[in-house]
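In: only geometry, no sequence info:
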């Protein structure tokens, strides 16, 4: 194993790190804003769940299309397209006067996030020549960093009278600067694969191992995003917390999540991808479930679980190009699209559960999804351990 990170595109790597921070700020602050959305637009949990379904659907479509476009026009153009969508939609979200208009623009905003995410995740194995697991976890460390800073800062600002409209406008200014810089940063040129070698959609979705990847990633992604979207709402409903005190625990979760990604890449490089995922998620499951059972006094355990969620997404995604060297961007797009579809369905179930059985019971959908992810990560490990050992 190499002991030094090698890349011939340092500028591209830096811009990916910055984009991850801003993507997290944009995406994971929705959970902090949800009570404000409900109050301003006079809507309930079901309407919020429909909105989240819309964002998941838009993300799902663009990750599927984005994976295909990355192989056709290159990741740089896909990334630029995503940034333009983010810039426009953030401005329109801040100006929306009805819930329907807001839900439309926030769904398109997720489309922009989908394009930037698939471009970032598929270009990194091209621009980084060594220690890819470490750098992929470092890339997603910046995502966790953006979540922690965004949620805590925005929770504080909301509690001190600054509206979410103003905050969204502020984020749009940052994306405008990133867009300008992007035109001056070199990226790898798109490499067009031989059509005869490329796998068809039917071949991909009929592959048992890819199905395992889809379920392992999809159930994990919901556990992470479900925490971001619903944990503050759970604390408000169950314990009477306000946005500021609720965001404190949520930001603690993502602060430890961030630390886990900073350190976890080294652990994955040393001990292997799926061994670390299985052990780490198992610890996270125990902490999360114990914390929920303990009630208000156990919220610190829920926050601590963030440390052990950390390596799952980047390590799974990094392994795809090693296990499937042909059509890897397309396959990554399909796997991430499937994860978004599962997130959409599970968010609907979570929203309905909040309305019909209460937030204090519906929250247990999250640990159930963690358990499912552990099972399918184990199945991936059993089927890929020889391939991944050879690639180290």
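Out: Here it is on my side, so go on. Keep in mind it's a predicted model, so treat the numbers as computed, not measured.
In: for residue 274, helix, strand, or coil?
Out: helix (DSSP: H, G, I helix; E, B strand; the rest coil).
In: Isn't it up against residue 377?
Out: Yes: Residue 274 is within contact range of residue 377, at 5.7 Å (criterion: C-beta atoms under 8 Å). For glycine as for every other residue, the C-beta is placed from the backbone atoms N, C-alpha and C.
In: ok, those two, which is more surrounded?
Out: residue 377 (28 against 23; other C-beta atoms under 10 Å).
In: and that one, what helix or strand is that in?
Out: Element membership of residue 377, judged by DSSP states H and E, is helix 365-391.
In: so what's residue 81 closest to, chain neighbours aside?
Out: residue 115 (5.6 Å; C-beta to C-beta, 6 or more residues apart in numbering).
In: Over to residue 135?
Out: residue 128 (4.7 Å).
In: ok, what's across the strand from that neighbour?
Out: residue 7 (DSSP bridges).
In: Tell me how far it lies from residue 317.
Out: Distance, residue 128 to residue 317, using C-beta to C-beta, to the nearest Å: 13 Å.
In: And residue 54, by the same measure?
Out: Where residue 317 is concerned, residue 54 sits at a distance of 24 Å (C-beta to C-beta).
In: which of the two has more neighbours?
Out: More crowded of residue 54 and residue 317, by other C-beta under 10 Å: residue 317, with 25 against 18.
In: Quick one: residues contacting the closest residue to that one other than its chain neighbours.
Out: Computed as C-beta to C-beta, 6+ apart, the closest residue to residue 317 that is not its neighbour in sequence is residue 121, at 5.1 Å. Going by C-beta atoms under 8 Å, 6 or more residues apart in numbering, residue 121 touches 136, 139, 317, 332, 336.
In: ditto for residue 251
Out: 147-148, 151-152, 155.
In: And for residue 330?
Out: Residue 330 makes contacts with 67-68, 71, 198-199, 204, as judged by C-beta under 8 Å, 6+ apart.
In: Tell me which two in those are the farthest apart.
Out: 71 and 204 (13.1 Å; C-beta to C-beta).
In: Give me the common contacts of these two.
Out: With C-beta under 8 Å, 6+ apart, residue 71 and residue 204 have common neighbours 327, 330.
In: Now the buried members of the contacts of residue 330.
Out: Buried subset of the contacts of residue 330 (neighbour count, 16 or more other C-beta atoms under 10 Å): 67-68, 71, 199, 204.
In: So which one of those is the model least confident about?
Out: Among the buried ones among the contacts of residue 330, residue 199 carries the lowest pLDDT, at 70.
In: Next one: that one from residue 247, what distance?
Out: On the measure of C-beta to C-beta, residue 199 and residue 247 end up 43 Å apart.
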